[in-house]
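**Student:** just the structure for this:
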Amino acid sequence: MLEEKNTSYMEKSVEWEEESKKTSALKSQVEVYKRQVSCHTFSYLVKHTTVDWTKANSVCVDIPQVQELQTRVTNETKRADKSDYEIKRSQDKVVSLQKEKERLAVDLQALRESNEELQYSKLADAASEASGGKRRQPLCYPMAHLFQ
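**Tutor:** Coordinates of the predicted model:
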């Protein structure tokens with residue numbers, strides 16, 4: 001179950017990294033569009049130096065298009081920031097899950113060793129009883145440290 005969670009977090013992390021790359025590409029493309037719009041607007045204004053700046057509405061600038069591009073840039077930036085945050089959060093979760101997995105593996109190994117020691121002790125006791133000897137006490141209780 002832990003491995004499945006770890007795998008799903010890794011998959012999500014990869015997906016978010018890909019999404020972040022796509023967002024970065026779109027962000028740079030929008031920046032290019034913004035520069036192009038600015039250049040076209042500026043070149044238009046330079047060509048028409050007789051423009052009365054008090055009547056800026058009469059200048060043929062596609063303001064809705066510029067606003068749309070700015071909105072798209074803002075949305076893509078927010079999306080990229082959110083993706084970056086999610087990637088960082090997922091990576092933190094993966095690290096904590098890997099630590100938990102390592103801790104559980106150590107505990108499992110300790111339990112296996114304890115079980116093996118108990119089985120040997122039980123076999124030795126059974127052999128001792130079968131030979132008529134007195135029953136011996138276990139030397140240690142290896143699982144006691146796990147329940148503290």
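
**Student:** tell me the mean pLDDT for stretch 95-102?
**Tutor:** Stretch 95-102 carries an average pLDDT of 93.

**Student:** nope, stretch 110-129 is what I meant
**Tutor:** The pLDDT scores in stretch 110-129 average 91.

**Student:** so which bits of that stretch are buried?
**Tutor:** When burial is assessed from 16 or more other CB atoms under 10 Å, stretch 110-129 yields the following buried residues: 114, 117, 121. Heads up, the C-betas are built off the backbone N, CA and C, glycines and all.

**Student:** roughly how far does residue 121 sit from residue 114?
**Tutor:** 10 Å (CB to CB, to the nearest Å).

**Student:** what do these two both touch?
**Tutor:** Between them, residue 121 and residue 114 share no contacting residue under CB atoms under 8 Å, 6 or more residues apart in numbering.

**Student:** please pull out the lowest mean pLDDT helix or strand from the chain.
**Tutor:** When the helices and strands of the chain are scored by mean pLDDT, DSSP states H and E, helix 2-47 comes last with a mean of 77.

**Student:** quick check: chain neighbours aside, which residue is closest to the residue positioned nearest the centre of the chain?
**Tutor:** Central residue of the chain (CA atoms, centre = their mean): residue 90, 2.3 Å from the mean position. Counting by CB to CB, 6 or more residues apart in numbering, residue 13 is the residue found nearest to residue 90 once chain neighbours are left out, at 4.3 Å.

**Student:** that neighbour is in contact with residue 95, isn't it?
**Tutor:** No. Here residue 13 does not reach residue 95: they are 10.8 Å apart, not a contact under CB atoms under 8 Å.

**Student:** neighbour-wise, which of those two wins?
**Tutor:** residue 13 (18 against 11; other CB atoms under 10 Å).
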